[in-house]
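Asker: need a 3D model of the sequence below.
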Amino acid sequence: MTNLPVRMARWSAGHPWRGIAAWFLFVALCLGAGFAVGGNAATTEDFRIGEAGRAEAMADAGGLAQAPVEHVLITARSGPLDRDAARAAAHDAAVRMERLPEVERVSEPVWSRDGTAVRVDVTMRGVELDAKNHVDALLAQTGAVQEAHPGLRVAETGGPSVSKGVGELRNDDLARTEMIALPITLLTLLVVFGSIAVAVVPVVLALTSIAAAIGLSMLASHVFPDAGVGASVILLIGMAVGVDYTLFYLKREREERARTAGRLDARALVEIAAATSGRSVVVSGLAVAVSSATLYLADDVIFASIATAAILVTLVAVVSSLTVLPAVLAKLGAWSERRAARRNRAPKPPRIGAGRITNAMLRPVGRRPGAVLLVSAAAMLAPAAPLLNLNLTDMGRDSHPRDVPAMRVFDRLNAAFPELKATHRIVVRADADRAGEVAAALRQIAGRAERDPLFAGPATLLASADGRTSLLRLQVPHHASTDRARRSLELVRTEYVPATVGRLGVDVAVTGDVARYADYPRHQRSRLPFVIGALLLATFAMTVWAFRSVVLALIGVVLNLLSAGAALGLLVLVFQGTWAEGLLDFDSTGSIGSRVPLFLFVILFGLSMDYQVFVISRIREAALAGVPTRRAVLDGIGRSASVVTSAALVMVTVFASFVSLHIMEMKQMGFALAVAVLLDAAIIRILVLPAMMLLLGDRCWWPSRQIKQARTDRARIDRAGTDRTGAGAAEPSPGTLG
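Answerer: Numbering: from 1, shown residues only. Model prediction:
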């Protein structure tokens, strides 16, 4: 036992207090370094994608970038609006806002067409992405206007206040998720181990791994900017893999304790666990990290943040399992031995082998693997059928939960002023001496838009100070996610622009709310083949490296595709329809968030490798001991079933707790991962995998010759033992012993 996990475990078990102290020092250093250096948040430029992103870059270069705007909305509490009182409130709001250093300009009051509302537009200083950090001052002044005019309803909404409200809601949701997941995880581990002390260990190591990863993510954000999702991903993945890796290690140590019946001390048991489960943890962690790294190919700052967070928390969890966990196990084992010695009796050994349910499921697998494979594969393919109707959209502002106060004001604002629902921004870059003909062409577009019911309100034409950049803003009275809004974008890009500005031979691009909404899913679809191809290749290569088997690598890829397809199909069935809205507390958008499928595929492939590596390691371990493949498969599945089930239950608990979140994409991600892990543990690893391996037999190990060589060695040892028994006291020949 000279491999790295064993050497680390041997030192840690031999110096337990040093190992524990070193771990907590490591966590403190990670957090300290992270907070000292600080995080680096993604900027507006990092989010630019497609034609919309190109247009935004052109506008920014010309000083015409989209400014953050807040709207103060004034309406009656009931009955008709008192226009004089509304004018006074609007004037009060304008005066207050103009005094703020965060405000660049304030518009004149704008009345709705039916006279039931008036609004004051407040343009903030700085860039759009940072405005949510400075909107508190504006909200405070709006509150003061409301107090001064109690007979009216005065409220504020806009991009900055909505972003701030959504962020606060997300933080509250995550805090509530922790309160749900932690007790259930502890209860599950208590049932598995029957010991409070042992049950607490995986949770503590997972939480400290999360803390260390958060600190490291702040450092990493200076290379891969944080898009604001890193902490959520670290919590989501960290609890799952942190508990799982510790669980694999703990269960193996307890199994070896029961098998040796007290003949080995705590340190020896830890070394055996390190030589078996320790290696599985390393391979699993590397598989999750490599799988997550394929998200960098998406060419998207959000997916880069997800990849960085997943890689960091997974590798930190691996380190904790290989360093501090052996020290903790050594101390717990020593305490258990001393208690048993004082009581003059051996500690009660845990049960080894499969439980009744697992045995019942494996019995038909052993008898008719072909039939079980057909039925279980069909059971996995059937839920994948709804994927044919998959509708991917970017979850824009209008899909945010109405639990955010600014979103409720947003709805009232759009009802009174439908022209504010969305905009198109046509940006043109040309030489300054062509500004006149560019402006004329843009006015032609504005004239055509005025006669089209897909557009609303007067168009706005702007030009940069140097005359090289021109911008035409068109109002759209439909939310960016609607078909009519998308048709208006298509009309602008394929007819209006080519027939006017497009003929001038200048640089032109279209952005705005609708363009952003449409271009992001299109970008994701274009990158999806590269990411999925790299993911399949990485998963295949990792399995070949771990088990020296091409056949097992192909099986792993197929099984991961089965579980991912079934989970995505069920996601479409639940969230694109309306039948589950009351059950899961959501309002269906008739679509799936454009980031969800890619996130699911990549993270699920990595997490599925946890079970794949652990289960096949147990099977291969038996096969390397000379056990026939059939018996090795059934025994390996049976012995690992309780660990896989326990680990899956913890993962499902953590992921399912995210279904209670209000943010639609987080809700969808949590649901899909929970379903995928449940199907993977209950059907894939207990039915489909053993059935395939039983049908393939020794071909599972191709092209490796290790299993065949192990059986040859086992046969020679058995023959040597038989010869010694038959020869009595005769000296065995050197050839017999080999």
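Asker: show me where pLDDT drops low in the protein?
Answerer: For the chain, residues meeting the criterion pLDDT under 70 lie at 1-2, 261-262, 336-355, 713-715, 718-738.
Asker: quick one: the helices in the stretch 1-150 of the chain?
Answerer: Assignment of helices within the stretch 1-150 of the chain using DSSP state H, counting those that start in this stretch yields the ranges 4-14, 16-37, 50-61, 83-98, 136-148.
Asker: go through these and name the closest to Ala625.
Answerer: Proximity to Ala625 (C-beta to C-beta) singles out helix 4-14 among those, at 18.3 Å. To be clear about C-beta, it is placed using only N, CA and C from the backbone, and glycine gets the same treatment.
Asker: quick one: that closest one to helix 16-37, angle?
Answerer: Comparing the axes of helix 4-14 and helix 16-37 via axes from the mean of the first three to the mean of the last three C-alpha atoms, to 10 degrees yields an angle of 110 degrees.
Asker: which SS state does His479 fall under?
Answerer: Put simply, His479 is coil when judged by DSSP: H, G, I helix; E, B strand; the rest coil.
Asker: that older thread, okay if I get the helices of the stretch 1-150 of the chain as CSV plus mean neighbour count?
Answerer: Output for these, formatted as CSV (neighbours: other C-beta atoms under 10 Å):
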stretch, mean neighbour count
helix 4-14, 20
helix 16-37, 16
helix 50-61, 21
helix 83-98, 18
helix 136-148, 17
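Asker: shouldn't Ser280 be in contact with Val613?
Answerer: Yes: Ser280 is in contact with Val613 according to C-beta atoms under 8 Å; the separation is 5.1 Å.
Asker: what about Ile196, how many residues nearby?
Answerer: Applying the criterion other C-beta atoms under 10 Å, we find 10 residues in the vicinity of Ile196.
Asker: and the helices in the stretch 251-400 of the chain?
Answerer: In the stretch 251-400 of the chain, the helices defined using DSSP H, counting those that start in this stretch lie at 266-273, 279-293, 301-322, 324-343, 356-367, 369-381.
Asker: before we move on, what about the stretch 401-550 of the chain?
Answerer: With DSSP H, counting those that start in this stretch as the criterion, the stretch 401-550 of the chain has helices spanning 405-416, 435-450, 483-491, 497-499, 513-547, 550-575.
Asker: packing partners for the last one?
Answerer: Meaning helix 550-575. Contact here means 3 or more C-beta pairs under 8 Å, 6 or more residues apart in numbering; DSSP states H and E; on that basis helix 550-575 packs against helix 369-381, helix 513-547, strand 592-593, helix 596-624, helix 664-679, helix 689-696.
Asker: now those as a markdown table including distance to Val192?
Answerer: Rendered in a markdown table, the data for the helices and strands packed on helix 550-575 read as follows (distance: least, C-beta to C-beta, whole Å):
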| stretch | distance to Val192 |
| --- | --- |
| helix 369-381 | 26 |
| helix 513-547 | 26 |
| strand 592-593 | 34 |
| helix 596-624 | 15 |
| helix 664-679 | 17 |
| helix 689-696 | 22 |
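Asker: what would those look like in CSV with distance to Ser481 and mean neighbour count?
Answerer: Listed next are the helices and strands packed on helix 550-575 as CSV, based on distance: least, C-beta to C-beta, whole Å; neighbours: other C-beta atoms under 10 Å:
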stretch, distance to Ser481, mean neighbour count
helix 369-381, 31, 16
helix 513-547, 6, 20
strand 592-593, 12, 25
helix 596-624, 16, 25
helix 664-679, 12, 24
helix 689-696, 41, 22
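Asker: thinking again about what came up before, of the helices of the stretch 401-550 of the chain, which is nearest Leu205?
Answerer: Comparing these by their distance to Leu205 (C-beta to C-beta), the top pick is helix 513-547, with 23.5 Å.
Asker: against which helices or strands is that closest one packed?
Answerer: helix 50-61, helix 279-293, strand 392-393, strand 422-429, helix 483-491, helix 550-575, helix 596-624.
Asker: what do you get if the cut-off is 6 Å, keeping everything else the same?
Answerer: Helices and strands touching helix 513-547, as assessed by 3 or more C-beta pairs under 6 Å, 6 or more residues apart in numbering; DSSP states H and E, comprise helix 50-61, helix 279-293, strand 422-429, helix 483-491, helix 550-575, helix 596-624.
Asker: tell me how far the last one is from the chain's mean position?
Answerer: Looking back up the chat, that one is helix 596-624. Offset of helix 596-624 from its chain centre (C-alpha atoms, centre = their mean, to the nearest Å): 17 Å.
Asker: who's in contact with Ala57?
Answerer: Counting by C-beta atoms under 6 Å, 6 or more residues apart in numbering, Ala57 makes contact with Arg48.
Asker: next, the buried residues of stretch 103-116.
Answerer: When burial is assessed from 16 or more other C-beta atoms under 10 Å, stretch 103-116 yields the following buried residues: Val103, Val106, Pro109, Trp111, Ser112.
Asker: find the nearest non-adjacent residue to the third one, please.
Answerer: Looking back up the chat, that one is Pro109. Computed as C-beta to C-beta, 6 or more residues apart in numbering, the closest residue to Pro109 that is not its neighbour in sequence is Ala90, at 4.1 Å.
Asker: show me the contacts for the one you found.
Answerer: Under the criterion of C-beta under 6 Å, 6+ apart, the neighbours of Ala90 are Ile74, Pro109, Val118, Val120.
Asker: tell me how far it lies from Val120.
Answerer: Remark: distance between Ala90 and Val120 (C-beta to C-beta, to the nearest Å) = 5 Å.
Asker: intersection of neighbour lists for these two?
Answerer: In the contact map built from C-beta under 6 Å, 6+ apart, the residues linked to both Ala90 and Val120 are Pro109.
Asker: re the thing from before, of the helices and strands packed on helix 550-575, which is nearest Glu156?
Answerer: Comparing the helices and strands packed on helix 550-575 by their distance to Glu156 (C-beta to C-beta), the top pick is helix 513-547, with 19.3 Å.
Asker: still on that earlier bit, export the helices of the stretch 401-550 of the chain to JSON lines and tack on distance to Met693?
Answerer: As requested, the helices of the stretch 401-550 of the chain are exported to JSON lines (distance: least, C-beta to C-beta, whole Å):
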{"stretch": "helix 405-416", "distance to Met693": "52"}
{"stretch": "helix 435-450", "distance to Met693": "64"}
{"stretch": "helix 483-491", "distance to Met693": "49"}
{"stretch": "helix 497-499", "distance to Met693": "59"}
{"stretch": "helix 513-547", "distance to Met693": "12"}
{"stretch": "helix 550-575", "distance to Met693": "8"}
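Asker: closest to Met666 out of those helices?
Answerer: Relative to Met666, the nearest member of the helices of the stretch 401-550 of the chain by C-beta to C-beta is helix 550-575, separated by 12.2 Å.
Asker: check the offset of that closest one from the chain's centre.
Answerer: Between the centre of helix 550-575 and the centre of its host chain there is 17 Å, according to C-alpha atoms, centre = their mean.
Asker: show me what counts as buried in it.
Answerer: Residues of helix 550-575 classed as buried under the neighbour-count rule (16+ other C-beta under 10 Å) are 551-553, 555-557, 559-575.
Asker: what lies in contact with the helix or strand just after it?
Answerer: Later in the chain than helix 550-575, the nearest helix or strand by DSSP states H and E is helix 581-584. Residues from elsewhere that reach helix 581-584, judged by C-beta under 6 Å, 6+ apart: Ser588.
Asker: and helix 581-584, how far from the chain's centre?
Answerer: The chain centroid and the centroid of helix 581-584 are separated by 22 Å under C-alpha atoms, centre = their mean.
Asker: pull the CA atoms of it into PDB?
Answerer: This file holds the C-alpha atoms of helix 581-584, laid out as PDB (Å, rounded to 0.1, in the frame of the first residue of the first chain):
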ATOM      1  CA  GLU A 581     -47.700  24.500 -10.400                       C
ATOM      2  CA  GLY A 582     -49.600  24.200  -7.200                       C
ATOM      3  CA  LEU A 583     -47.600  21.100  -6.100                       C
ATOM      4  CA  LEU A 584     -44.200  22.700  -6.500                       C
END
